[in-house]
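Enquirer: Model the structure of this input:
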Amino acid sequence: MTRTEARNILLIHCHDLGRFLGAYEVPTVVSPHLDALAAESTLFESAFATAPHCSPARASLFTGTYPQTNGVLGLTHDPFGWDLTDPSSHLASRLSAAGYSTELIGVQHESRVLPDDVVAERLGFDRVRSGGDRDTVVERTADALDRAAASDAPFYLQVGFHEPHRTPARDDRPGVMGFLGDTVSPDSSLGVTVPAYLQDDAGAREEISELQGAVRHMDEGVGRILARLDALGMGDDTVVVFTTDHGLALPGAKCTLYDPGLEVALLVRAPGRARWPGRRVKQMVSHVDVLPTLLELVGLPAPAELPGTSLVPVVESGTAARTHTFGQLTHHIYYDPKRSVRSASHKLVVNFANAPRAMDPTQSWVRRSLLADLRGPTVETSPTVELYDLVRDPHERDNRAEDPACAGVREELARALSQWMRDVDDPLLTAPPLLGRHVDALAALAGAAQRKRERA
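Expert: Sure thing, here's the model as predicted:
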């Protein structure tokens, strides 16, 4: 292994955060430790997950591949049981083969949920201790760092916080599941920030106050871990990554392919590299870019077949990042297949079933917050195609798919989406008859775009 400025990797992730942090200019969130990390890191302002729900998003993060390729098209716990087609594609397995000690603490949701020793063997970890609340995760991580400090081997430590996932609590009202559990307090010390896609009412403010408390709680745990890393003298030899799986667990976000469902915080602290501290990268990046980035940062080659690209040239040389990011939802707790492509200015969503327009992650309990653009007592079913001008309509409310003035951009995005679906061997391309007309509609749009290119 080629020696670089930093050889260890500490990757910290959490549930359902989106970009709901002070560092991402949410003024009422108290997140001083992550804000401080951001000041020492490169912050990616337009980072996106590949899926708006847990397991597929994490499978992409840790394998560098899309869900259609890695096989995780739904949740990995029972009764769903989706799993990685090739568990050895996990980052831990790649680093273990390069001589790293590897350990997983906390959330493991990227592959089939099995006993810890089985997960360790399958994914390439020397040790797995899954589950646990914030304090348990912090204590186990401190122990792992102490052992790493006493070893000569480079380490990969993967730490997953459950918070700020929704968690049942004794004090929840009947039918309500909030963000607090039994150990977290709501936080409105700086006020509350209700996202623009929700109605700003008492129910939403109650939920956001709880969410802000859960984020503050998680942030304190991150601070304790980073303090231990520095106290052991390993901060200057360790690449630190913080990210989340997908967007907030709120209506209009999680389980949708709109930006609030796919947007993620992504901070990378790369010691010894002069261009990384205090930078903010505006260009779009995807979670599939994280694995090749980490491999380059520690001097290891990335497999050529990976769809993502290292972000090191983007940060250090100003190289252009990707022109499109892609999203998919296939199965959360029910089958709701949809695909999306995003450029810097537009988003195309193709819905392959007529499920509700915005799958509501609060559907299993009483709703306290509502979509801002509800026009009646029910949520409409999804149109086949949605097209949004993200410059004029950043909250994705004005569907321009049928607007003749947008035909060109619609066709070009359809071509990009169709090509990506072929590249990842998307199972929807061999869809059952119920989905056939939607596949045909996408193919027609992509074909029109291709014919225009050939005539040009």
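Enquirer: Where is the longest helix in the chain?
Expert: As assigned by DSSP state H, the longest helix anywhere in the chain is helix 202-231.
Enquirer: Let's test this: what are the backbone torsions at the residue nearest to Gln328 when sequence neighbours are not counted?
Expert: Distances taken as C-beta to C-beta, 6 or more residues apart in numbering place Arg339 nearest to Gln328, at 5.2 Å, with adjacent residues excluded. All C-beta atoms are positioned from the backbone trio N, CA, C, and that covers glycine. Dihedral angles of Arg339 (phi, psi; degrees, to the nearest 10) stand at phi -140, psi 150.
Enquirer: Whatever helix or strand comes next after the longest helix of the chain - what's its average pLDDT?
Expert: Using DSSP states H and E, the helix or strand that follows helix 202-231 in sequence is strand 238-244. On average, the pLDDT along strand 238-244 is 98.
Enquirer: can you pull the alpha-carbon coordinates of strand 238-244 into PDB?
Expert: Presented in PDB, the C-alpha positions along strand 238-244 are these (Å, rounded to 0.1, in the frame of the first residue of the first chain):
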ATOM      1  CA  THR A 238      -7.300   9.400   9.900                       C
ATOM      2  CA  VAL A 239      -9.600  10.300   7.100                       C
ATOM      3  CA  VAL A 240     -13.000  11.200   8.800                       C
ATOM      4  CA  VAL A 241     -16.200  10.900   6.800                       C
ATOM      5  CA  PHE A 242     -19.700  11.900   8.100                       C
ATOM      6  CA  THR A 243     -22.800  11.300   6.100                       C
ATOM      7  CA  THR A 244     -26.300   9.900   6.400                       C
END
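Enquirer: Which other helices and strands does the longest helix of the chain contact?
Expert: In terms of contacts (3 or more C-beta pairs under 8 Å, 6 or more residues apart in numbering; DSSP states H and E), helix 202-231 is packed against strand 8-14, helix 32-39, helix 134-149, strand 155-161, strand 238-244.
Enquirer: quick check: angle from it to strand 8-14?
Expert: 160 degrees (axes from the mean of the first three to the mean of the last three C-alpha atoms, to 10 degrees).
Enquirer: Now do helix 202-231 and helix 134-149, the angle between them.
Expert: 20 degrees.
Enquirer: Start from the N-terminal end of this structure and give the helices.
Expert: Using DSSP H, the helices of the chain run over 32-39, 54-63, 67-70, 91-97, 116-123, 134-149, 202-231, 259-262, 290-297, 312-317, 407-423, 433-455.
Enquirer: quick one on the thing from earlier: need the helices and strands packed on helix 202-231 in a markdown table with mean neighbour count and distance to Pro404, can you?
Expert: A markdown table is the format used below for the helices and strands packed on helix 202-231 (neighbours: other C-beta atoms under 10 Å; distance: least, C-beta to C-beta, whole Å):
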| stretch | mean neighbour count | distance to Pro404 |
| --- | --- | --- |
| strand 8-14 | 24 | 43 |
| helix 32-39 | 19 | 43 |
| helix 134-149 | 19 | 53 |
| strand 155-161 | 25 | 47 |
| strand 238-244 | 25 | 39 |
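Enquirer: Would you format these as CSV with distance to Ala92 included?
Expert: Output for these, formatted as CSV (distance: least, C-beta to C-beta, whole Å):
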stretch, distance to Ala92
strand 8-14, 10
helix 32-39, 22
helix 134-149, 13
strand 155-161, 6
strand 238-244, 14
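Enquirer: so which of the ones you listed gets nearest Val222?
Expert: Val222 lies closest to helix 32-39 among the helices and strands packed on helix 202-231, at 5.1 Å (C-beta to C-beta).
Enquirer: Please enumerate residues in contact with the closest one?
Expert: Residues outside helix 32-39 that contact it (C-beta atoms under 8 Å, 6 or more residues apart in numbering): 21-23, 219-220, 222-223, 226, 240, 242, 265, 267, 269, 277-278.
Enquirer: I'm done for today, thanks for sticking with me.
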